[in-house]
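[1] Sequence first, then the predicted structure, then my questions.
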Amino acid sequence: MHFRILIILFFTSVFGQAQEYGIIKGKILSADGYPLAGIAIKLGKDVTTTETNTSGDFNFTNFPVGTHTITLEGNGMKKQSKQILVLGGQTNYIEFKLIEDITTLKELVIKIKQSPNKKKLSILSGLNIKAIDLPQSIQVIGADVIEQQQAVRMSDVIRNVNGVYVGSARGGAQESFWSRGYDMSANNMFKNGFRFSNGSVPEVSSLERIEVLKGSAALLFGNVAPGGILNMVTKKPSFTSGGEITMQLGSNAFYKPSIDIYGPLDKNIAYRFTGSYENSESFRDVVKKERYYINPSLLFKVAEKTEIVLQGDYLHDDWTPDFGTGIIGKTIADLPRSTYLGATWSNGQTRQASVSGLVKQEINDYWKLNFNSSFQNYERDSKGTERVQPSANGDWSRPLGQNRNLEQILGEQISLQGNFLTGKVKHQLYTGVDFENSFAQAYTFTFSPKTYGSGNIFDFDNFNQGGAIPDGTNTKIVKTNTNRFGIYAQDLISLTDKFKVLAGVRWSWQEAQAETTDLTKNPTIIDKAAKRMDQAFTPRVGLVYQPSKDISLFASYSNSFTPNSGTTVDLKVIKPSLIDQYEVGIKHDFLRGLLSTNITFYQIENSNLAQTAEFKADGSPNTDSSIKLLSGSTKSKGVELDITARPIDGLSIIAGYSYNDMRYTNTSGLEGSFIEGNRLARTPANTANLSFFYTMPTGLLKGLSIGSSTNYIGNRVGGWNNQYRAGDPNGIWDREIPLNDYTTIDFSAGYEWGKFSILCKLSNITNELNYTVHENYSVNPIAPRQVLTSLRYKF
């Protein structure tokens, strides 16, 4: 019989250390005192693996400092517990001798249970530092939460991140996320550290975690909006064999089988394969979805200090374009939630593939070099009727639309991490360069006639559904080539055990050129626009004060940039807008890390917002909206609170609250300008979340689990922000669509026995009705009360 020994390492550092990690060496002996060789040892969930040598010895570098209690467990074994004090920069030793005579031991797993503030954040911070040392707000949602809440979409996962919410779901093809008053979807979505095309709905079954870095991330990622970035981290290969098979079944004929298998191919190569298939109808009539996804990966241990990770993924998604419930002026049409107003043949297809390679070279215990490369190919086609904007009485002729979008993204990254001392001052340096090329193509189609079917949306049974499926004509192709380059350096400087300074700067360069092909002309006309080049320095500085190992107070300043379109009054390329962010907060662990609370106050100022110039260069009045000045401003300010707790064995709690006030603070007041003092569209003042999940760890009810999650989105406006326009009442073009606040509540219950588990969820228990609104034409209702069940077998 093969045995697995589980070493669960519950730890709390009893004092601060200047060094952040040490080296731990250990020995595994049999009951009769003989060393056990070839035992695979895995540290935590990450792929940090070694094995005992012929003397039964093993060792790990970069082990967390502090006093640790190690418990040795295994089937048919008595528990053994020992304490070890790990000192920074030193080698620490521990030995285990098995009480039972188990000579067929094959694997030993060390799991570190720690507060989220003490976990290291290698991808987003770049420094491989603990969250408590970072002067910025960050949240990580792991695979355990994704599994417990049976998340199917990314929108299900981000419900656990305070202040991040779905701003719109245009045509049912994608989900747009917002944070701190800014849209995260254009440039702020990443996968394994590389920019990710947001035109698809990402697969979550392959994710190990998602990382959300609030506020500016321009130093590491260049041209990103200042609200925050979202990084998806996929599951990696493991030298431990295992896996799981899952079947999800739910309302509206939903079913989704998925698989996750991993293990060693030999002592130097490990693999992982995740895959899923999904087929479902919808609470919306006619709407359906079919998609499949695969994600293979390989890990090569080329040498003791060199490893290579290769991975790829492919998503094929067939979906029905759905522009939701109609909107009449500013009023959402009062129709049943299930009513689908589009043509029954409307269809969409998304294909997305990527490959990436990571080379990790450990130069020594203090310096590491990484080479990372990625290529992504994205295609999306859709055809159908769209934009449900009927007249005041509900009459509507359905406009036709067809789109084809292609994008290829190549990314290259080289980074160097180093730990060193200057006197008694410790430095954690992170520096690197990155390059990205994006080539996007957008195809425009026209129809004759331009509409398909007509009638009244309030009498849809008698609606003229139209005749044969029309063919669109490709009339225009716009090709945009964008190059981005950046070089950066940042250093976390530990002046003492209590005072730390984070300082860094990035220089970013961006070049973009668009080429428009007009296919309606004979011969075809190609219009190549002038290249647009932007460059900017984006600094970052933060101060961290830690009066104890469990408390961190911080203040920071960071800067980001946003390229602008148009020209100055003297017809020169207008410079990018520079956006300043100020942030202060406190991170506090209670009860030895069982309860973590973080509170952050922030202010984001764009004091050179591009807006239409009042006068031309010669002093004459300007009516050209492409001639601009950097004279406007917006301000986003707010507070965020997040709480994570594991107060008792088996219980996990996540809670959060966010307040945001995002407004135009200076506008020109000219024709077409926004209204000073108005809150920006799609920015609720208040959002909140609360979830818990409890699994009975012992007793007769061992394996029984219950859970619940609640999500609140406050009042907000959809559509477009109001603008000044002559001829309208009070000279204002009133375009804002008022949306009420709403709360959704989910409840889960399940049971786990051995390797099998079942988990059932009832979502939106109160059957709440509300909407996401994209601009003023895609008004999509949220899902009603639904049931979802997951059957899982782990091996």
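    That came in fine, so what should we check first?
[2] Just the helices from the protein, written as ranges.
    122-125, 143-148, 154-157, 218-221 (DSSP state H).
[3] Identify whichever of those lies nearest to Ser241.
    Ser241 lies closest to helix 143-148 among the helices of the chain, at 18.0 Å (CB to CB). In short, each C-beta sits where N, CA and C put it, glycine included.
[4] Now do the closest one: which elements does it pack against?
    When contacts are defined as 3 or more CB pairs under 8 Å, 6 or more residues apart in numbering; DSSP states H and E, helix 143-148 sits against strand 207-214, strand 651-666, strand 686-695.
[5] 10 Å - rerun?
    helix 154-157, strand 207-214, strand 651-666, strand 686-695, strand 704-713, strand 756-763, strand 786-794 (3 or more CB pairs under 10 Å, 6 or more residues apart in numbering; DSSP states H and E).
[6] which other residues reach it?
    45, 142, 151-152, 156-157, 160, 204-210, 233, 235, 244, 246, 260, 652, 654, 691-695, 705, 707, 709, 748, 750, 757, 759, 761, 790, 792 (CB atoms under 10 Å, 6 or more residues apart in numbering).
[7] Pull the CA coordinates from it and hand them back as CSV.
    Output of helix 143-148 as CSV, limited to C-alpha atoms (Å, rounded to 0.1, in the frame of the first residue of the first chain):
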residue,chain,number,x,y,z
ALA,A,143,-9.3,28.1,-6.7
ASP,A,144,-10.9,27.0,-3.4
VAL,A,145,-13.3,29.9,-3.5
ILE,A,146,-14.0,29.4,-7.2
GLU,A,147,-14.8,25.7,-6.4
GLN,A,148,-16.9,26.5,-3.3
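[8] if we can go back for a sec, out of the helices of the chain, which gets nearest to Arg506?
    helix 218-221 (4.6 Å).
[9] same for the closest one, what does it pack against?
    helix 122-125, strand 228-234, strand 425-446, strand 473-494, strand 499-518, strand 532-548, strand 551-562, strand 577-590.
[10] Help me confirm that Gly357 comes into contact with Ile308.
    Yes - the pair Gly357 / Ile308 is scored as a contact, 6.7 Å apart, by CB atoms under 10 Å.
[11] Between the two, which contacts overlap?
    Joint contacts of Gly357 and Ile308 (CB under 10 Å, 6+ apart) are Leu298, Phe371.
[12] Contact partners for Ser373?
    Taking CB under 10 Å, 6+ apart, one finds Phe194, Val355, Ser356, Gly357, Leu358, Val359, Leu410, Gly411, Glu412, Gln413, Ile414 in contact with Ser373.
[13] right, and out of those residues, which lies closest to Thr339?
    After measuring these against Thr339 - CB to CB - the closest member comes out as Phe194, at 40.0 Å.
[14] Kindly state the beta-bridge partners for the closest one.
    Lys191 (DSSP bridges).
[15] what about it, how many neighbours?
    By other CB atoms under 10 Å, 22 other residues sit near Phe194.
[16] What of the one 10 residues further on?
    Close neighbours of Val204, defined as other CB under 10 Å, add up to 19.
[17] Nearest spatial neighbour of it, chain-adjacent residues omitted?
    Once flanking residues are discounted, Val204 sits nearest to Ala151: 5.4 Å by CB to CB, 6 or more residues apart in numbering.
[18] So that neighbour sits against Arg209, correct?
    No - using CB under 10 Å, Ala151 is not in contact with Arg209, being 11.9 Å away.
[19] So which of those two has more stuff around it?
    Neighbours per residue (other CB under 10 Å) separate Ala151 from Arg209, with Ala151 holding more: 22 against 19.
[20] circling back: rebuild the helices and strands packed on helix 143-148 as CSV, extending it with mean pLDDT and distance to Leu315.
    Formatted as CSV, those follow (pLDDT from 0 to 100; distance: least, CB to CB, whole Å):
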stretch, mean pLDDT, distance to Leu315
helix 154-157, 94, 13
strand 207-214, 92, 13
strand 651-666, 95, 28
strand 686-695, 96, 27
strand 704-713, 97, 26
strand 756-763, 97, 24
strand 786-794, 97, 21
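[21] and among the ones you listed, the most buried is which?
    strand 207-214 (a mean of 23; mean count of other CB atoms under 10 Å).
[22] Distance to Gln402 added to the helices and strands packed on helix 143-148, as JSON lines?
    As requested, the helices and strands packed on helix 143-148 are exported to JSON lines (distance: least, CB to CB, whole Å):
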{"stretch": "helix 154-157", "distance to Gln402": "27"}
{"stretch": "strand 207-214", "distance to Gln402": "33"}
{"stretch": "strand 651-666", "distance to Gln402": "35"}
{"stretch": "strand 686-695", "distance to Gln402": "36"}
{"stretch": "strand 704-713", "distance to Gln402": "33"}
{"stretch": "strand 756-763", "distance to Gln402": "34"}
{"stretch": "strand 786-794", "distance to Gln402": "31"}
